[in-house]
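> fold the stuff below for me.
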Amino acid sequence: MAATMDYMMEKSGRQSLLTNNRARMSLCIQISVLIHSWIFLSVSSNAQAQAIRHEKSTLLQALAYARRAGVDVSAYQQTLKEPPFEPGFESRMEIARAVHSKLGQMIDQVNREISRADADKVAASRDGVLIVDTGGANTLSHALLIHPDGRVNYTVDNVSSSIGSDQRVGKHGGMSGMTKISRKHVEHLFKFVNALNIPSLPANALLPDREDGNYLVPQIVYVDFADQTSPNLLCASSQEGHQLVDCCKEIEAETKINELAHLPPKQ
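Predicted coordinates:
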């Protein structure tokens, strides 16, 4: 009887050990799968963010070229302020497909408009630095073309509905003109764009805006010179980038372009 009890206890111990080993193995497998899933999602998210940034960079360069050609790009600038281009969209996988689709649609459409534009206008403005500001919540998108002699062609975009939208909006803006800025600012600006490889300026795609962790950079400021377009200077993460955006802001202040682009209060 005692031998039988000993055997049963030994068998129970072996089964318990076997069960524990299986449980531990199962737990290890689950943890491994979870870790690999996290790694995969992280890599996928980073790859997706890189692809979107590249597409957005391509679009900004096309829009800069279109501006030099005299094409109205207000609808494109408005589209970039609306969903799916939401705060933090570059790292959100669930809206990546919509973002890719919209970027592709805009790149294709603006390229068709460029093909019908005036190439002579582009050639005439080739030696100038284009500063583009998509505008904040109360400011229309606008651009300044700075010539080496200090002349500035400015444009304030139209109020416009976004690409693919049938919404009608009231007309405002759409003005253009010429002014002049100080020699100091011209020399400062051209010193930067000649010395820097502006497309490679290090810039974070997003900047923390609030303590709750939300990210919000609705406004884009970038420069275009000699077929090179910078990333968003408001997200500059280098001393050169900060200096360049400060120079652009000083020029904007001197031309009073933000005042010209200021939206009237809603009725």
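> low-confidence stretches in this protein?
1-46, 49, 86-94, 166-171, 205-218, 266-267 (pLDDT under 70).
> all strands for it, in order.
Assigned by DSSP state E, the strands in the chain fall at 129-133, 142-146, 151-156, 176-180, 221-225, 228-229.
> same list (those) but as CSV, adding mean neighbour count and distance to Leu80.
The C-beta positions use only the backbone N, C-alpha and C, and glycine is treated the same way. Output for those, formatted as CSV (neighbours: other Cβ atoms under 10 Å; distance: least, Cβ to Cβ, whole Å):
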stretch, mean neighbour count, distance to Leu80
strand 129-133, 25, 11
strand 142-146, 24, 14
strand 151-156, 20, 17
strand 176-180, 13, 21
strand 221-225, 24, 12
strand 228-229, 18, 14
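> nearest to Ala51, out of those strands?
Comparing the strands of the chain against Ala51 with Cβ to Cβ, the closest turns out to be strand 228-229 (17.5 Å).
> neighbouring strands of that closest one in the sheet, and parallel or not?
strand 221-225 (antiparallel) (DSSP bridges).
> from the rest of the structure, what touches the partner strand?
By Cβ atoms under 8 Å, 6 or more residues apart in numbering, the residues outside strand 221-225 that reach it are 60-61, 64-65, 68, 128-134, 193, 198, 229-234, 244-245, 248.
> how about the helices of the stretch 151-267 of the chain, start to end?
With helices called from DSSP state H, counting those that start in this stretch, the stretch 151-267 of the chain shows them at 183-195, 239-255, 257-260.
> nope, the stretch 1-150 of the chain is what I meant
So, for the stretch 1-150 of the chain - with DSSP H, counting those that start in this stretch - the helices run 2-68, 74-79, 96-115, 119-124.
> next one: the closest residue to Asn232 other than its chain neighbours relative to Ala195, how far apart?
Using Cβ to Cβ, 6 or more residues apart in numbering and skipping residues adjacent in sequence, the residue nearest Asn232 is Ile220, 4.7 Å away. Separation of Ile220 from Ala195 (Cβ to Cβ, to the nearest Å) stands at 23 Å.
> for the strands of the chain, could you give me TSV that also reports distance to Ala261?
Rendered in TSV, the data for the strands of the chain read as follows (distance: least, Cβ to Cβ, whole Å):
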stretch	distance to Ala261
strand 129-133	8
strand 142-146	4
strand 151-156	5
strand 176-180	12
strand 221-225	13
strand 228-229	21
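> out of those strands, which comes closest to Pro264?
When the strands of the chain are compared by Cβ to Cβ, strand 151-156 sits nearest Pro264, at 12.6 Å.
> quick one: list the elements packing against that closest one.
Where contact means 3 or more Cβ pairs under 8 Å, 6 or more residues apart in numbering; DSSP states H and E, strand 151-156 is packed against strand 142-146, strand 176-180, helix 239-255, helix 257-260.
> rewinding a little: Ile220 and Ala195: who's more crowded?
Ile220 (20 against 10; other Cβ atoms under 10 Å).
> ok, the more buried one touching Leu234?
Yes. The criterion here is Cβ atoms under 8 Å, and Ile220 meets it with Leu234 at 6.9 Å.
> any residues in contact with both of those two?
With Cβ under 8 Å, 6+ apart, Ile220 and Leu234 have no common neighbours.
> quick revisit: the residue nearest to Asn232 and Met178, how far apart?
From Ile220 to Met178 the distance is 24 Å (Cβ to Cβ).
> ditto for Glu252
16 Å.
> now do the contacts for the residue nearest to Gln61 when sequence neighbours are not counted.
For Gln61, ignoring the flanking residues on the chain, the nearest one in space by Cβ to Cβ, 6+ apart is Thr229 at 4.2 Å. By Cβ under 8 Å, 6+ apart, the contact set of Thr229 is 57, 60-61, 64, 198-199, 222-223.
> and Thr229, what are its bridge partners?
Going by DSSP bridges, Thr229 forms beta bridges with Asp224.
> all further residue positions should be reported with the first residue as 21.
I'll keep to 21 as the first residue from here, and by that count the last item is Thr249.
> that older thread, could the helices of the stretch 171-287 of the chain go into JSON lines alongside distance to Ile134?
Output for these, formatted as JSON lines (distance: least, Cβ to Cβ, whole Å):
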{"stretch": "helix 203-215", "distance to Ile134": "22"}
{"stretch": "helix 259-275", "distance to Ile134": "24"}
{"stretch": "helix 277-280", "distance to Ile134": "24"}
